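>>> Coordinates only, no sequence provided:
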DNA sequence: CCACTATAGATAGATAGCCTATCTATCTCA
DNA sequence: TGAGATAGATAGGCTATCTATCTATAGTGG
C-alpha cells in the first residue's frame, strides 16, 4: 500500500462520510452557507477576502454568500475602521445558533454509526486527531518546500 | 470530549480535507461527475436508481449526470435484458482513465501534506481504515435499530 | 498634491449541481 | 386484463461557483 493509495483512500472515505452526514441531517441552511458560518465563527470579525481564502473559494462567491447570510440575519457587517474599502463580518446571535444547530444535526446523524462500529474509543479519538492535524497542515504553506527569498 | 463532539470534529475535518483536495487538484471533470464515475466503477453495470441511492442523491440528478457522462463518452448504457424499463451503466475506457486520473490528482495534492505531518505510518493507516469502516457502516441500515417486520 | 498601481469588494453572465413534482413505459400479479 | 409498483425522463427552480470586469479606496514615488 503506497502513500498515494493511502491518500486516495482517505480522500474517498472523507468525501463520502461528509456527504452522507450532510444528506442525512436536516439542515436549516444550505451546506455551503453553513460552511461560511463556521469560518466566520473561527476567524472572528473577518474580511470577505479572508473568508474566501479560508474556504478555498473565489471572492465573488464569498461576497454573494455573505450578502445572503446578512440579508437573512445570520451575520452582520461593519466597515473596517482601518480601511475604507473593507468590511468585517461577524456572526449574529442567530448565526451562532444556526451554526450550533447544524453541527449538532450532522453529529447526531453520525453518532449512532460511530457507536455501532464499537471501535476502541482511543483509536477513534486518535483518528479524529490525525484528520485535524492533516487539515491544519493544509493551511500552512507547506513547510517542506524551501523558501526562496 | 463527548461522542457528539468527536463526531462533529470528524465531520468538520473530513469536509475540509476533501474540499481542499478537490480544489487543489486540477480535475478534468467536475467533482460530482467524478463521484459518479467512482460509483459506476464500484457497482459494476448498475442502474441509475442504484447509483442515485449509493450517491445519496435523487434519481433525476443521477439521470442527468449519467446523460452527460454518456454524451461525453465516459460511460455507456445498455438496456437491462431482464427489465425493459431499466438500463445498465458501465464505465468506458475513457471513463476508467478519467477516474484514475482524478484519483491520482487528488492524492497527489494530499500526499505532500501527509508526508509533512511525519506521523507514524501505522497510525495513519489505522485512521484511514477506521474512516473506511465508518463509511461502510453508513451503508448498512443501522444494525442497531431493531427490525420491525 | 498627483498620477500610478495595488487591493477590497461588488456586479454581470454562465455553468454545474440538486431538488420536488410529474409523466411515460414497463412489470407484476391477482 | 386491469391496478398498483417501479425505472427512468422531463420540467422548472434555486444554490453554488467561476471568470471577467468595475468601482472605490489605499499607498507611493515624484
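That came in fine, so what should we check first? All figures in this text were calculated on a predicted structure; none of them were measured in a lab. Numbers count the residues shown, from 1 in each chain, chains lettered A, B, ... in the order given.

>>> Where does the residue nearest the centre of chain A fall, secondary structure wise?
In chain A, the residue lying closest to the centroid (Cα atoms, centre = their mean) is residue A:35, at 4.8 Å. In this assignment (DSSP states H and E), residue A:35 forms part of helix A:31-43.

>>> burial measure for the residue in chain A that DNA strand D sits nearest to, as a count.
Nearest residue of chain A to DNA strand D: residue A:84, at 2.2 Å (Cβ to the nearest atom of the strand). Yep, even glycine has a C-beta here, placed from its N, CA and C like the rest. Neighbours of residue A:84 under the rule other Cβ atoms under 10 Å in any protein chain shown: 8.

>>> That one: what secondary structure?
When classified by DSSP: H, G, I helix; E, B strand; the rest coil, residue A:84 comes out as strand.

>>> ok, it to residue A:66 distance?
Look at residue A:84 and residue A:66: by Cβ to Cβ, to the nearest Å, they are 18 Å apart.

>>> check contacts around residue A:111.
Residues near residue A:111 by Cβ atoms under 8 Å, 6 or more residues apart in numbering or on different chains: B:3, B:4, B:7.

>>> What's the PyMOL syntax to select whichever of the residues you listed are buried?
The buried residues among the contacts of residue A:111 can be selected in PyMOL (16 or more other Cβ atoms under 10 Å in any protein chain shown) with this line:
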select buried, chain B and resi 4+7
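
>>> and stretch A:49-66, anywhere near DNA strand D?
Yes: remark: stretch A:49-66 sits within contact range of DNA strand D at A:56, A:57, A:58, A:60, A:61, A:64, A:65, by Cβ under 7 Å from any atom of the strand.

>>> Name the residues that touch that stretch?
For stretch A:49-66, using Cβ under 8 Å, 6+ apart, the contacting residues are A:32-33, A:35-36, A:39-40, A:42-43, A:46, A:48, A:75, A:77, A:86, A:89, B:19-20, B:23-24.

>>> element containing residue A:76?
When elements are assigned from DSSP H and E, residue A:76 belongs to strand A:75-80.

>>> Grab the nearest non-local neighbour of the residue nearest to the centre of chain A.
Ranked by Cβ to Cβ, 6 or more residues apart in numbering or on different chains and with sequence neighbours excluded, the top spatial neighbour of residue A:35 is residue A:55, at 6.4 Å.

>>> Repeat that for residue A:25.
Computed as Cβ to Cβ, 6+ apart, the closest residue to residue A:25 that is not its neighbour in sequence is residue A:105, at 3.9 Å.

>>> That neighbour contacts residue A:27, doesn't it?
Yes: if you go by Cβ atoms under 8 Å, residue A:105 and residue A:27 touch, sitting 6.1 Å apart.

>>> if we can go back for a sec, may I ask which of the residues of stretch A:49-66 next to DNA strand D has the most neighbours?
Neighbour counts for these, by other Cβ under 10 Å, peak at residue A:65, which reaches 24 neighbours.

>>> SS state for that one?
Recorded secondary structure, residue A:65: helix (three-state DSSP).

>>> Quick check: it vs residue A:20, distance?
According to Cβ to Cβ, residue A:65 and residue A:20 sit 23 Å apart.

>>> Would you state the helices of chain A in chain order?
Ranges of helices in chain A, per DSSP state H, are A:3-24, A:31-43, A:48-55, A:59-71, A:93-117, A:121-139.

>>> and the first one, is it in reach of chain B?
Yes: contact check for helix A:3-24 against chain B, using Cβ under 8 Å from any Cβ of the partner chain: residues in range are A:3-21, A:23-24.

>>> Buried subset of those residues as a PyMOL selection?
Buried residues within the residues of helix A:3-24 next to chain B, by 16+ other Cβ under 10 Å, are selected in PyMOL with:
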select buried, chain A and resi 4+6+7+8+9+10+11+12+13+14+15+16+17+18+19+20+21
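
>>> The closest residue to residue A:31 other than its chain neighbours: neighbour count?
Excluding the flanking residues, the one nearest residue A:31 by Cβ to Cβ, 6+ apart is residue A:22, at 5.1 Å. Residue A:22: 19 surrounding residues under other Cβ under 10 Å.

>>> same check, this time on residue A:123
Residue crowding around residue A:123 was assessed by other Cβ under 10 Å; the count is 15.

>>> That'll do, ta.
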